[in-house]
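S.K.: One predicted model, sequence on top.
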Amino acid sequence: MANSVQVEEAGGGGTPAAKPAAAPRASVWQRSLNALAIPVLALFSALVLSAFFILGSDPVVLTAWSKFFANPGGALGISWKTVADAYGALFLGAIGNPGQMARAAELYLTTGQTQALVNAFYPFTESLVASTPYIFAGLAVALGFKCGLFNIGAEGQIYIGALVAGFVGYSFAGLPWIIHMPLTFLAGALGGAVWCAIPGFLKAKTGAHEVINTMMMNYVAFNLADYLLNGPMKRGGPEGFIPISPDIQTSAEFPRFFPSPIRLHLGFIVALAMAILVWWFLYKTTLGFEIRTVGANPRAARYAGISVTRNFVLAMALSGALAAMAGAGEVMGVNHNIAQGFSPGYGFDSIALALLGGSHPLGVVFAALLFGTLRNGATKMQSLATIPIDIISIVQAFVIMFVAAPAIIRWVYRLKAGGGAQAIFTRGWGG
Amino acid sequence: MAAVAQIGVRSETFSRARLLGAFYTVVGLAILFFFSRNTHVGELATLGLNTVQSVKAIQLPDIIVPVLPVTAILGALVTLLGVWQMVRGFRTTGWLLGVASSAFLVSFLVWAARGTSFSLIGILSASLQLATPILLGALSGVLCERSAVINIAIEGMMLGAAMTSVLVANLTGSLWLGFFAALAVGALLAAWHAVMSIQFKMDQIVSGTVINIFATGLTSFLNQRVMQVYQNLNNQVTFPLLSQVSPELGRIPILGPLFFDQSPIVWMALILLVVIQVALFNTRWGLRTRAVGEHPRAADTLGINVIRTRYINVILGGMVAGLGGAYFTLGSVGRFDKLMTNGRGFIALAAMIFGNWTPVGSFASSLIFGFADALQVKLQILSGQVNIPSDFLLMLPYIVTMIALAGVVGRVVPPAADGQPYEKQ
């Protein structure tokens, strides 16, 4: 059943087993440039392609194009303006206004006034806030990939993490924060681990494919959240009709670093620490090695005495824990409660993100920063340029396609085949 | 890994039989215990053989059964079978699942309808309706995977087709143009999948994910940007029911409401089912497809064009998925809603796997999923009788999918080359 199994190595050192490596070894600089070229060009091409969808759904642009032969400049001009407005709003929302930032910095240096500085850098910090769940969820999917498992259930696991963390967060009153905060976070992670170990176990024991099972468990998780937030976990009082949980205790909140409205919180640092931890776990520990071996070739792993079953369950549990941390982090750092539909699809986006990051923790962090920036900017784009936020799903689809089939990018941009190994590792149905 | 897993199963066969027996015993005891609660001796349940819609049909008397004796007998039967399986073991266990699940369902329905009435034909008719998109999705999967291309993009294809059918039907004013546009979009997305996975040898599950994310994003994008702005593009458009076209058919008792108060797409699905089943196992095309799916190198040696066969099958599969998408709109509610397929494409995959990659098996499992779905809808009507929150009922089809996939019926065997790109030598 297995595909021609390909081993993926960090930094593009490995070569696909199927392809004999005949090319001379390139320098480190050359190789890292190669490794970077594909994702960057993939993103660029995805943005270009998505622009056509923005144009094609805009009546003003379409009218201009229908008069193309009468006024070609007008059609091109309005197309350019539409796309520039859209992506300009994206940039403003994602990073902020550079001029405003410079003025605020000058004001701060001369007078020591912080409010302008806070306002100017607010969009940028919001991008970091949006990146935080992406880092967690991206690591979750990436870790699954490393074991040859495709966890598309991160979205459901985010809800489970949020529900468990939220429950611990609001129901345990009177604990000191040094206990309550980690307890809340870890409880959420544990919930996700247990939740996601189920498809891992089913995969290992019955061969039931994790893609379908994690997807099915998404729907179960969403319905469970609806039930809990409309029933047992519903907030009482005047807001009793909204499906929202009570606020968590302040002792369970992640502290924020800067004055309001900046919401950048401890979760971001924890997410970066998790990336390092996952890297260390995967590449520096025996367990991580076993997981990667199972991912590269389960049969070989089995012959080497590595338990495939145990590693499937372990990898899924860890993956679920990481995804659940995204939910717990949102509850503890941003929302301080659980509302129905609080996640705008971090879990689904994280699939594209993990692929873009080559399933390497460092790559995931960069991809997550990018996705957080995109999502934060897209919110602005929706309000300023009235482009629905779903456009970023289209961008993501193209990004995955180009990253997963670098041959397309190489062909379009006339790149030479590089040393970077193909970084995709799911298999057939596993029957 | 397949070999490894099978060795594991063989050594566990003995305990697996015991485990199955214990499972069925528990099911039997559960029937005895749960479905005797909140009822009393002599309470009756009415199972209707007429539907509300089919008032014109010739009316039949309802079936009236006493609740307690029925649940007691069925519960005892399943318990006995379970104990026997645990102690002695039956040679084949497939039928046991059928008996146990039907006993469970019948006693559940009787219990849920205690003291009131419940339309049996209504739920069966709804099951067939809800099974239709799942069946079409599963058939799409069968077409693709029998030629060794995994297609997890059924969900996306259905979603894209569902939206296109409404858009085109409203733009052109022609239902049939909308219908064919749905097929075309299915074929187009499938062709994209084929190029990525056959030509560029991309991981097929990733390629399918690309299409799913793309279709989800694009339909939501256009829904907000176009259909909500120009609302007359999302006017209700549906095919008339067969009984509306020819009222005589609708008057037939039982069969009328069951088969003719249905959209023509339900019939197209049933016809496709027969056609694909026969074609796959009794025609030259079917033999070639299966050869390509099982051993592409051998097929190639015998002069079969592997790549072309896969392209044709995947695109045909896309059209079938497109038909499934059209069912959601033209065959059912007539309007497009954001994410209206709601995971049915994935359930269809589960139905295909559960049905062991055969059309007939897929149909049987689609009916199970359709029934679970219909049950969930109908039970919300009986919410006073059945004290289960609707959210849990909504989980039902998904949980049934997982249980089915976990192989309660035993192992299924995918086409040997499933998921592997073909490299010509």
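M.R.: It's in.
S.K.: hey, let's count contacts and neighbours off CA atoms from now on
M.R.: OK.
S.K.: which bits of the stretch 201-350 of chain A sit near chain B?
M.R.: A:202, A:205-209, A:212-213, A:215-217, A:219-220, A:223-224, A:226-227, A:298-299, A:302 (Cα under 8 Å from any Cα of the partner chain).
S.K.: how about 10 Å then?
M.R.: A:202-228, A:230-231, A:297-303, A:308-309, A:348-349 (Cα under 10 Å from any Cα of the partner chain).
S.K.: Using PyMOL, define a selection of the buried residues within those.
M.R.: Buried subset of those, written as a PyMOL selection, criterion 16 or more other Cα atoms under 10 Å in any protein chain shown:
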select buried, chain A and resi 202+203+204+205+206+207+208+209+210+211+212+213+214+215+216+217+218+219+220+221+222+223+224+225+226+227+228+230+297+298+299+301+302+308+309+348+349
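S.K.: Among the residues of the stretch 201-350 of chain A next to chain B, which ones are in helices?
M.R.: Residues of those located in helices (DSSP state H): A:202-206, A:210-228, A:230, A:298-303, A:308-309, A:348-349.
S.K.: how about low-confidence regions in chain A?
M.R.: A:1-26, A:239, A:417-431 (pLDDT under 70).
S.K.: how far away is the residue lying farthest from the centre of it from residue B:71?
M.R.: For chain A, the residue at maximal distance from the C-alpha centroid (Cα atoms, centre = their mean) is residue A:70, at 45.8 Å. With distances taken as Cα to Cα, to the nearest Å, residue A:70 is found 78 Å from residue B:71.
S.K.: Please name the residues that touch the nearest residue to residue A:267 once chain neighbours are set aside.
M.R.: Once flanking residues are discounted, residue A:267 sits nearest to residue A:329: 5.6 Å by Cα to Cα, 6 or more residues apart in numbering or on different chains. Residue A:329 makes contact with A:132-133, A:136, A:158, A:161-162, A:165, A:184-185, A:188-189, A:253-254, A:265-268, A:270-271, A:323, A:335-336, according to Cα atoms under 10 Å, 6 or more residues apart in numbering or on different chains.
S.K.: if you set the cut-off to 8 Å instead, what comes out?
M.R.: Residue A:329 sits next to A:132, A:133, A:162, A:185, A:254, A:267 when contact means Cα atoms under 8 Å, 6 or more residues apart in numbering or on different chains.
S.K.: Strands of chain A, residue ranges please.
M.R.: In chain A, no segments count as strands under DSSP state E.
S.K.: Next: chain B.
M.R.: B:44-48, B:63-66, B:117-119.
S.K.: Report the rounded mean pLDDT for the last one.
M.R.: Averaged across strand B:117-119, the pLDDT comes to 78.
S.K.: Check the longest one too.
M.R.: The predicted model assigns strand B:44-48 a mean pLDDT of 78.
S.K.: Looks like residue A:362 contacts residue A:277 (just checking).
M.R.: No. Contact criterion Cα atoms under 8 Å: residue A:362 and residue A:277 do not qualify, at 11.0 Å.
S.K.: Those two: who's more crowded?
M.R.: Using other Cα atoms under 10 Å in any protein chain shown as the criterion, residue A:362 and residue A:277 rank with residue A:362 on top: 19 against 14.
S.K.: which ones are touching that one?
M.R.: Here residue A:362 is in contact with A:275, A:276, A:279 (Cα under 8 Å, 6+ apart).
S.K.: which residues touch residue 402?
M.R.: Because you didn't say which chain, this covers chain A. Residue A:402 neighbours (Cα under 8 Å, 6+ apart): A:38, A:39, A:42, A:408, A:409.
S.K.: that answer is for a different chain, and I need it for chain B
M.R.: A:213, A:216.
S.K.: 10 Å instead?
M.R.: A:199, A:202, A:208-210, A:212-217, B:347, B:350, B:396, B:408 are the contacts of residue B:402 under Cα under 10 Å, 6+ apart.
S.K.: Can stretch A:155-170 be said to contact chain B?
M.R.: No. Stretch A:155-170 does not reach chain B (Cα under 10 Å from any Cα); its nearest approach is 12.9 Å.
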